[in-house]
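Asks: Can you look at this prediction? I've put the sequence above it.
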Amino acid sequence: MTIRELEFDETEVLEEFLYLAIFVPEGTEAPPRDIIEKPELRLYIDCFGFLEGDNCLVAEEDGKIIGAVWTRIMEDYGHVDNYTPSFAISILPEFRGRGIGTELMKEMLKLLKEQGYEKASLAVQKANYAVKMYRKVGFEIIDENEEEYIMVCRLTDD
């Protein structure tokens with residue numbers, strides 16, 4: 001497996017990974033694919049590569065993109081301020097549980113730190129198994145509501 005930056009002409013794969021990033025609790029039916037047309041989800045991928053904080057790394061195996069992590073400064077569920085990129089991440093279901101998400105997260109955090117960002121944020125449903133992985137790579141819960149945690153990872157050494 002290799003991790004690399006997403007090429008500009010590959011941004012359409014973000015639609016698939018955005019859909020796969022939607023947490024579906026066990027025993028619950030997945031939403032219809034057209035859910036990603038909702039404005040609150042489109043903001044994760046529309047005009048990707050042209051907005052502040054747009055970064056995307058992909059995991060590739062045998063020439064196939066199997067996972068993606070991307071960031072953008074946007075007013076999404078994990079928004080903390082106008083200077084902090086928010087995360088989205090997804091791995092193809094058949095490749096989950098192999099540490100790919102952890103590696104993608106670590107590489108993206110390193111990239112954001114190199115770009116001078118002080119922190120990164122995300123929102124995650126409390127029942128999502130990824131909460132453990134986010135904590136492992138340095139995210140801390142800073143707020144919560146009934147369903148979600150808002151998490152931040154500080155990228156500075158102070």
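Replies: Thanks, I have it. Numbering: from 1, shown residues only.
Asks: Secondary structure of residue 110: a helix, I assume?
Replies: Yes - looking at residue 110 with DSSP: H, G, I helix; E, B strand; the rest coil, it is inside a helix.
Asks: and the gap between it and residue 134?
Replies: Between residue 110 and residue 134 the computed distance is 16 Å (C-beta to C-beta, to the nearest Å). Using the backbone N, CA and C atoms, a C-beta is placed for each residue, glycine as well.
Asks: Please identify which of these two sits among more neighbours.
Replies: Remark: of residue 110 and residue 134, residue 134 carries more neighbours, 22 against 12, as counted by other C-beta atoms under 10 Å.
Asks: Give the helix, strand or coil label for the more buried one.
Replies: helix.
Asks: Return the distance of it relative to residue 155.
Replies: To residue 155, residue 134 is 14 Å away according to C-beta to C-beta.
Asks: next one: residue 71
Replies: Residue 71 is 12 Å from residue 155, by C-beta to C-beta.
Asks: can you list residues touching both of these two?
Replies: 112, 120 (C-beta atoms under 8 Å, 6 or more residues apart in numbering).
Asks: Give the residue from those two that has the larger number of neighbours.
Replies: residue 71 (26 against 19).
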